[in-house]
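Novice: sequence first, predicted coordinates after that:
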Amino acid sequence: MSTNYLNIEDIDGGFKIISITRPEALNALNSEVLNELNSTFELLLGQESGTNGVLITGDGEKSFIAGADIKSMIGMSNAEAKDLSQLGQQTTLLMESLPFPVIACVNGFALGGGLEMALGADFIYASENAIFGLPEVKLGLIPGFGGTQRLSRLVGKNKAREIIFSGKNISAADAKEIGFVNEVFKDKDELIEAGLKTLKTISKNSIQAVSQAKKALLEGSDLDLSEGLKIEADIFGGVFELEDAKEGTAAFSEKRKPNFKHF
Ligand code: CAA
């Protein structure tokens, strides 16, 4: 697939680094970038894509994504703005449903739609220079790519209210303390290295099982406990139809390493 705003690097082991590359606007997301991300995620959705894990990052050192493209939103009608919001939300939904781990590696600015994209990943790593925030209210807007929904589910409603109402910048260290960043690394090189190391560690396990655990977390996380547990039991049952469950349990009893199906 040819892309103007994404640099997609294949890494040995079935991994990909997807870099948003729009330096003239600090990697801000206009509809072209969002459409390219959507098409890329749709391609990756099939198991046949041969992917074991993805890092999402921003090209360069200064910015992950500086938000939705503000200039292209000037004068938008109600319907156009709603379409843009749904396009951005669709991108995060596709990212969330990919059948392998996705880590957002945040270097520099992750503001507005940038933080919202990162929240669509399975978890977030950051470099020390990362700056997070949902500054939409400073523009007379609200977060539109999932920020009002995902941030509150992750850090709690009151913390999310403070972040969204104030529009304030949050350092990488504070984001880790609040709980929406897992780890902070010195610079971009260390960030990417750590992201790949984690993907490699995960891929030693059954990616089929990781994918099903991801599904259980996603489908159950917003339900009450009893409904969530039903989903877990259904998916746990379904896993026994998969080859890796047979292989993993047999390997344990035969005291050998499992030979999981990898891409
Ligand atoms: N949209 C469009 N262009 C952007 C942009 C954005 N979100 N962020 C930066 N740019 C452009 C700037 O306009 C500038 O272009 P020109 O040189 O052509 O003027 C270029 O990128 C470099 O930016 P700055 O000169 O501003 O760089 P800086 O280092 O001085 O400041 C910054 C960096 C603090 C990130 C500042 O650019 C900024 O505040 N950007 C906007 C951040 C923001 O408000 N994001 C939320 C957007 S709304 C949203 O995301 C809605 C939603 O939820 C869907």
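Specialist: Cool, the structure landed.

Novice: ok, which stretches of this protein are strands?
Specialist: Under the criterion DSSP state E, the chain carries strands at the ranges 6-11, 15-20, 53-58, 63-65, 102-106, 109-111, 123-127, 131-133, 170-171, 183-185.

Novice: most tightly packed of the ones you listed?
Specialist: strand 63-65 (a mean of 29; mean count of other C-beta atoms under 10 Å). All C-beta atoms are positioned from the backbone trio N, CA, C, and that covers glycine.

Novice: from the chain's centre, how far out does that one sit?
Specialist: 14 Å (C-alpha atoms, centre = their mean, to the nearest Å).

Novice: same question, stretch 20-40
Specialist: 15 Å.

Novice: that stretch near the ligand anywhere?
Specialist: Yes - contact of stretch 20-40 with the ligand (C-beta under 6 Å from any ligand atom) involves 25-26, 28.

Novice: is it true that Glu116 touches Arg150?
Specialist: Yes - at 7.2 Å, Glu116 counts as touching Arg150 under the criterion of C-beta atoms under 8 Å.

Novice: what's the overlap in contacts for those two?
Specialist: Shared contacts of Glu116 and Arg150, defined by C-beta atoms under 8 Å, 6 or more residues apart in numbering, are found at Thr92.

Novice: now the strands of the chain as CSV including mean pLDDT?
Specialist: As requested, the strands of the chain are exported to CSV (pLDDT from 0 to 100):
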stretch, mean pLDDT
strand 6-11, 97
strand 15-20, 98
strand 53-58, 98
strand 63-65, 98
strand 102-106, 98
strand 109-111, 98
strand 123-127, 98
strand 131-133, 98
strand 170-171, 98
strand 183-185, 98
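
Novice: Leu6 and Ser39 touch, don't they?
Specialist: No - in this structure, Leu6 is not within contact of Ser39 by C-beta under 8 Å, at 9.4 Å.

Novice: and this structure, what are its domains?
Specialist: With domains defined by automatic domain parsing, the chain comprises 6-203, 207-254.

Novice: excluding sequence neighbours, find me the nearest residue to Ala28.
Specialist: Nearest non-adjacent residue to Ala28, counting by C-beta to C-beta, 6 or more residues apart in numbering: Asp69, 4.4 Å away.

Novice: wait, I meant Pro99
Specialist: Nearest one to Pro99, counting by C-beta to C-beta, 6+ apart, is Ser211 at 4.0 Å.

Novice: who's more crowded, Glu116 and Arg150?
Specialist: Glu116 (29 against 21; other C-beta atoms under 10 Å).

Novice: now do that one, the pLDDT please.
Specialist: Reported pLDDT at Glu116 in the predicted model: 98.

Novice: who in the stretch 1-150 of the chain is up against the ligand?
Specialist: With C-beta under 6 Å from any ligand atom as the criterion, the stretch 1-150 of the chain meets the ligand at residues 25-26, 28, 66-71, 88, 109, 111-113, 116, 135-136, 139, 141, 143-145, 147.
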